[in-house]
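[1] Need the 3D shape of this:
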Amino acid sequence: METFLAGADTVIAILRTALLSIAVVFGVICVLDWAVRTRKISPFNAVARFCRSTVDPIIAPIERRVVRAGGSPASAALWALVAVVIGGILLLTLLDIIRLEVVRSIIASQEGTAGIFHLLVSWTFTILKAAIVVRVISSWLPISPYSAW
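    Numbers count the residues shown, from 1 in each chain. All right, here's what the predicted structure looks like:
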């Protein structure tokens with residue numbers, strides 16, 4: 001179990017550093033794109049040409065979604081940055097949860113039948129709590145019960 005913990009911790013630490021680096025680089029690119037779109041940087045500058053040729057095709061799907069939702073096209077790059085940061089946080093949280101559940105499973109299997117029963121009961125109540133949280137949060141959102149979502 002110690003080797004699994006050491007390996008999982010190492011992978012999570014490396015991934016955490018990589019995701020932070022990606023978010024910082026993406027943040028700089030998004031701020032540059034935002035500056036070009038809001039005319040803080042001259043549109044005839046080399047940086048502006050780089051952003052229009054390289055960054056804009058990446059940001060285009062997010063821009064369409066932001067405009068459909070009523071937002072400004074200039075803020076699409078910042079929304080892309082928000083998506084990258086939230087995605088990284090969710091990925092790291094998911095990996096931590098998986099690591100914790102594997103450790104709990106190993107410990108429960110070492111305790112025998114009572115440990116496995118306790119683990120299954122714990123998982124059942126965790127799923128029920130998550131379902132209640134999803135139900136409460138979904139009741140706050142103005143979604144029609146007849147919509148596909």
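[2] Would you mind measuring from the closest residue to residue 66 other than its chain neighbours to residue 82?
    Distance criterion CB to CB, 6 or more residues apart in numbering; nearest residue to residue 66, sequence neighbours excluded, is residue 76 at 4.7 Å. (C-beta placed from N, C-alpha, C; glycine too.) Residue 76 sits 11 Å away from residue 82, going by CB to CB, to the nearest Å.
[3] the more surrounded of those two?
    residue 76 (24 against 13; other CB atoms under 10 Å).
[4] starting at the chain centroid, how far to the helix or strand residue 66 falls within?
    According to DSSP states H and E, residue 66 maps onto helix 56-68. Offset of helix 56-68 from its chain centre (CA atoms, centre = their mean, to the nearest Å): 18 Å.
[5] how about that helix: buried residues?
    For helix 56-68, the buried set under the neighbour-count rule, 16 or more other CB atoms under 10 Å, comprises 56, 59, 62, 63, 66.
[6] Over to the most centrally placed residue in the chain. Which of the three states is it?
    Nearest to the mean C-alpha position of the chain, counting by CA atoms, centre = their mean, stands residue 87 at 1.4 Å. On the three-state scheme (DSSP: H, G, I helix; E, B strand; the rest coil), residue 87 is labelled helix.
[7] ok, back up a step: of the buried residues of helix 56-68, which pair is most distant in space?
    Using CB to CB, these span at most 13.4 Å, a distance reached by 56 and 66.
[8] What separation is there between residue 28 and residue 77?
    Taking CB to CB, one finds residue 28 at 11 Å from residue 77.
[9] give me the low-pLDDT residue ranges for this structure?
    148-149 (pLDDT under 70).
[10] How is it divided into domains?
    In terms of domains, the chain is parsed into 2-111, 113-149 (source: automatic domain parsing).
[11] Please state the offset of the helix or strand harbouring residue 84 from the chain centre?
    Applying DSSP H and E as the criterion places residue 84 in helix 76-111. Here helix 76-111 is found 9 Å from its chain centre; the criterion is CA atoms, centre = their mean.
[12] Now whichever helix or strand comes after that helix: buried residues?
    Scanning forward in sequence from helix 76-111 by DSSP H and E, the next helix or strand is helix 113-140. Buried residues in helix 113-140, counted by 16+ other CB under 10 Å: 115, 119.
[13] One more: stretch 38-53?
    Buried-residue list, stretch 38-53, by 16+ other CB under 10 Å: 41, 48, 51.
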